[in-house]
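Student: Provided below are the primary sequence and the corresponding predicted coordinates.
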Amino acid sequence: MVEINSVLQEGRKFPPPTAFAAAARLGDPAEYERLYRRSLDEPEAFWAEVAAELHWFEPWQAVREWSHPHVRWFVGGRTNLAYNCLDRHLTAGRRTKAALIWEGEPGETRTLTYLELHREVCRFANVLKSHGISAGDRVAIYMGMVPELAVAVLACARIGATHSVIFGGFSPNAIVDRVNDAQAKVVVTCDGGWRRGRIVPLKDNVDEALERCPTVAHVFVLKRTQQHVHMKEGRDHWWSDSMDQVSHDCPAEPLDAEHPLYILYTSGTTGKPKGVVHTTGGYMVGTYLTTKYVFDLREDDVYWCTADVGWVTGHSYVLYGPLANGATVLMYEGAPNHPDVDRFWAMIDRWQVSVFYTAPTAIRAFVRWGEEHPKKHDLSSLRLLGTVGEPINPEAWMWYRRVIGGDRCPIVDTWWQTETGAIMISPLPGVTPTTPGSATKPFFGVDADVVRRDGTSCGPDEGGFLVLKQPWPSMLRTVWGDDERYRQQYWSQIPPFYFAGDGARRDADGNFWIMGRIDDVINVAGHRLGTMEIESALVSHPAVAEAAVVPRPDELKGSGIVAFVTLEGGRRPTDGLVDELRDHVSKEIGAIARPDQIRFTDALPKTRSGKIMRRLLADVAANRELRGDTTTLEDLSVLQQLREADEG
Ligand code: PRX
């Protein structure tokens, strides 16, 4: 791990607007302080009270059992997350309330009330059951952002089938890895999805993948884009035919609180993506409470999180958290610039969205597209804005506040990860003063700190490692099939704390400033990619002998991807080969992993023990002065060569 230097200085402060605070769920700083203290001093009592707001078929015997690094929450309790997202609201006055408002990219719309969503979920749960799926089986879901994606996810939760949602932008190879690792029995997909006016061939990708996935017995295919797709006799079933054959009566399965709800694959420093495992009870309670307080949800809000359900943000804050709170969720299928760059603002205006949650990379694109586009629309329904996925640069934050929030809406910059399941550090909009670029304070029950390598706390503004010192309800429980990796990756780097790769500092007011990944993970447009994965993809091309992948600053995406490549003897660098390698990575992983630049070199800088010095390469890629120590470099002339290396 490298030394961490903090350079950002930011002094602007924005207290919660008085009118907002007066109406907020939490508007009194003293009350917040009391709750926060209690959540740390008496976590079991605190979380038991929260859990009691939800439905349990059977009560728990113990709130928490912590045996480092494994935790169980609500031990012995039985519940069902789909029940809490749906059935609970049917008797609580929300039967005819809109649960999902959906807009397709071509422009059609659909609204499902809680009652309607409940029915669809029950039916698809029955479809799964009638094909032999029961609690504990794994179901892979590879769909676009359509209402049936929500239906499929909740149907799994209803019967206890562990879902693994695979982002619709991933390639067939990425499907193979994920389906095989989880040994999924079923894949749910669509014929295609709409993206920027074009069809993403989801079913074709599944067909290609399944040639290498022996565990899959059934594929359910929703018709969305209507082009011809191949249907394999006996294996493939149309969604609508299957739904016609079952009833909408399907009681929710009372599941153990620690029953595995889902697996979501995320990039790490080594090897293939790891399957982060979330369980039922703790995850439910964590996403429920964070949604309630961070987004200050009210009965009449129209809530819109723009994330894809293929990522954790879509799991926790498009589906589970808001639905557990009985919210009206807006869901959008397509791209922000289709048919034009004002699509989001037109939608906020059309649906009177009040809470809007998006990513810094999107905000930077909006800034570039120009403020005349949001200005064409009435955004006065908005009352709260959020961001997630990467550090937000203060200027983008200020633009978001002024142009989208009309200088009126608080902004919640929420720090969390696939592994944390729910928001960990964020302002609470009625009580926390905000500063552009800071995620501010830990959420209830989150014991966060910035520490040195030896685990001692850093002083104010001293850069260090962001750790969590106490287990929290929505934390990952293990890595699917690889508990050793779970121990190593998260709990052994700065023992005994949880550490998942971010550098940070805390200022004199106790606000956290996240400085980004310090491990071999690149955050591209808010999405995590392991350098190792991209390197393996490159090396799988016959022309490539060795590859090293590093980030370089990118105005829009936060980080771009630069690959340094050495070729097999006899191969010569050409423009054609650059394109071929970039396409090859897209094909192996997905378009988000496509390198922005390929640089050919005769050799890579290595330590005497043979480890590639990516830190040096990152400096070269960013055209920075070389920082830090080069004394362990085996062959200094390599550096000179790199600087002169061909640019692709
Ligand atoms: O580096 C942090 C960054 O995104 C990483 C987690 O990525 P992922 O698991 O894909 O989840 C993204 C959505 C929760 C973190 O380790 N990150 C996320 N939110 C922020 C952030 N960095 C700075 N500020 C944030 N608000």
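Tutor: Arrived safely, thanks for sending.

Student: thought residue 60 was touching residue 76?
Tutor: Yes - in this structure, residue 60 sits in contact with residue 76. The criterion is Cβ atoms under 8 Å, and the distance is 5.3 Å. For every residue, glycine as well, the C-beta is placed using N, CA and C.

Student: what bridges to the residue nearest to residue 332 when sequence neighbours are not counted?
Tutor: Distances taken as Cβ to Cβ, 6 or more residues apart in numbering place residue 103 nearest to residue 332, at 5.1 Å, with adjacent residues excluded. Using DSSP bridges, the bridge partners assigned to residue 103 are residue 109, residue 332.

Student: which pLDDT value goes with residue 103?
Tutor: At residue 103 the predicted local distance difference test score is 98.

Student: show me what contacts it?
Tutor: Contacts were defined as Cβ atoms under 8 Å, 6 or more residues apart in numbering; by that measure residue 103 touches 109, 330-333, 347.

Student: what comes up buried for the helix or strand hosting residue 387?
Tutor: Element membership for residue 387 (DSSP states H and E) is strand 384-388. In terms of neighbour count (16 or more other Cβ atoms under 10 Å), strand 384-388 has its buried residues at 384-388.

Student: try stretch 251-268
Tutor: When burial is assessed from 16+ other Cβ under 10 Å, stretch 251-268 yields the following buried residues: 252-253, 255-268.

Student: first to last residue in that stretch, what's the distance?
Tutor: Taking Cα to Cα, to the nearest Å, stretch 251-268 runs 38 Å from one end to the other.

Student: quick one: mean pLDDT for it?
Tutor: For stretch 251-268, mean pLDDT rounds to 96.

Student: can it be found next to the ligand?
Tutor: Yes - residues of stretch 251-268 are located near the ligand by Cβ under 6 Å from any ligand atom, namely residue 266.

Student: sorry, back to before: and which of the buried residues of strand 384-388 is nearest residue 164?
Tutor: Of all the buried residues of strand 384-388, the one sitting nearest residue 164 is residue 388; the distance, using Cβ to Cβ, is 21.6 Å.

Student: and the closest one, what's its pLDDT?
Tutor: You'll see residue 388 listed with a pLDDT of 97.

Student: what about it, distance to the ligand?
Tutor: Counting by Cβ to the nearest ligand atom, to the nearest Å, the gap between residue 388 and the ligand amounts to 5 Å.

Student: quickly list what that residue is bridged to.
Tutor: The bridge-partner assignment for residue 388, based on DSSP bridges, gives residue 414.

Student: wait, it sits on residue 356?
Tutor: No - Residue 388 is beyond contact range of residue 356, at 11.8 Å (criterion: Cβ under 8 Å).

Student: right, and residue 412 touches residue 429 too?
Tutor: Yes - in this structure residue 412 lies within contact range of residue 429 using Cβ under 8 Å: 5.7 Å.

Student: shared neighbours, those two?
Tutor: With contacts defined as Cβ under 8 Å, 6+ apart, the residues shared by residue 412 and residue 429 are 294, 384.

Student: those two - which one has more neighbours?
Tutor: residue 429 (28 against 25; other Cβ atoms under 10 Å).

Student: now that one: which helix or strand?
Tutor: Assessed by DSSP H and E, residue 429 sits outside every helix and strand.

Student: quick one: residues contacting it.
Tutor: Applying Cβ under 8 Å, 6+ apart to residue 429 gives the contacts 16, 20, 24, 294, 296, 384, 410, 412.

Student: where exactly do the helices run in the stretch 151-300 of the chain?
Tutor: Counting by DSSP state H, counting those that start in this stretch, residue ranges of the helices within the stretch 151-300 of the chain are 172-182, 202-210, 239-244, 281-294.

Student: buried set for the third one?
Tutor: By neighbour count with 16+ other Cβ under 10 Å, helix 239-244 contains the buried residues 239, 242-243.

Student: so which of those residues also contact the ligand?
Tutor: Restricting the buried residues of helix 239-244 to contacts with the ligand (Cβ under 6 Å from any ligand atom) yields no residues.

Student: ok, the residue most central in space within the chain to residue 516 distance?
Tutor: The centre of the chain sits closest to residue 312, judged by Cα atoms, centre = their mean, with a distance of 3.2 Å. Residue 312 is 18 Å from residue 516, where distance means Cβ to Cβ, to the nearest Å.
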